[in-house]
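Engineer: Any chance you could fold what I've pasted below:
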Amino acid sequence: MENVLGLVALACGLIVGLGAIGASIGIALMGGKFLESSARQPELMNELQTKMFVLAGLIDAAFLIGVAIALLFAFANPFTLG
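Structural biologist: Residues are numbered from 1 along each chain as shown. Below you'll find the predicted structure:
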């Protein structure tokens, strides 16, 4: 029982940690490409900015879904028998 709870706590930490790293890298790459493309074509900046914010929301949503799953495992653990 203690072994399962320890492994679930480790998995929750990995879910949140790797999700945060992935979301940070994704938003950083997207922001860099946005700046690069707006420097090349400044007339498209408003359209690109709208698309960038939509994609940033989707990237953050994927991370928050991972956090919700980690909280589910932490507080309503389906792997314990009792």
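
Engineer: for residue 78, helix, strand, or coil?
Structural biologist: coil (DSSP: H, G, I helix; E, B strand; the rest coil).

Engineer: Identify the residues contacting it.
Structural biologist: Listed by C-beta atoms under 8 Å, 6 or more residues apart in numbering, the contact partners of residue 78 are residue 72. For every residue, glycine as well, the C-beta is placed using N, CA and C.

Engineer: can you give me the helices in this structure?
Structural biologist: Assigned by DSSP state H, the chain shows helices spanning 2-40, 45-75.

Engineer: Quick one: the ones you listed as a markdown table, columns for mean neighbour count too.
Structural biologist: A markdown table is the format used below for the helices of the chain (neighbours: other C-beta atoms under 10 Å):
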| stretch | mean neighbour count |
| --- | --- |
| helix 2-40 | 13 |
| helix 45-75 | 13 |
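
Engineer: Please tabulate these in TSV and include mean pLDDT as additional columns.
Structural biologist: Conversion of those to TSV gives the following (pLDDT from 0 to 100):
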stretch	mean pLDDT
helix 2-40	93
helix 45-75	93
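
Engineer: Kindly provide the distance from residue 78 to residue 4.
Structural biologist: 11 Å (C-beta to C-beta, to the nearest Å).
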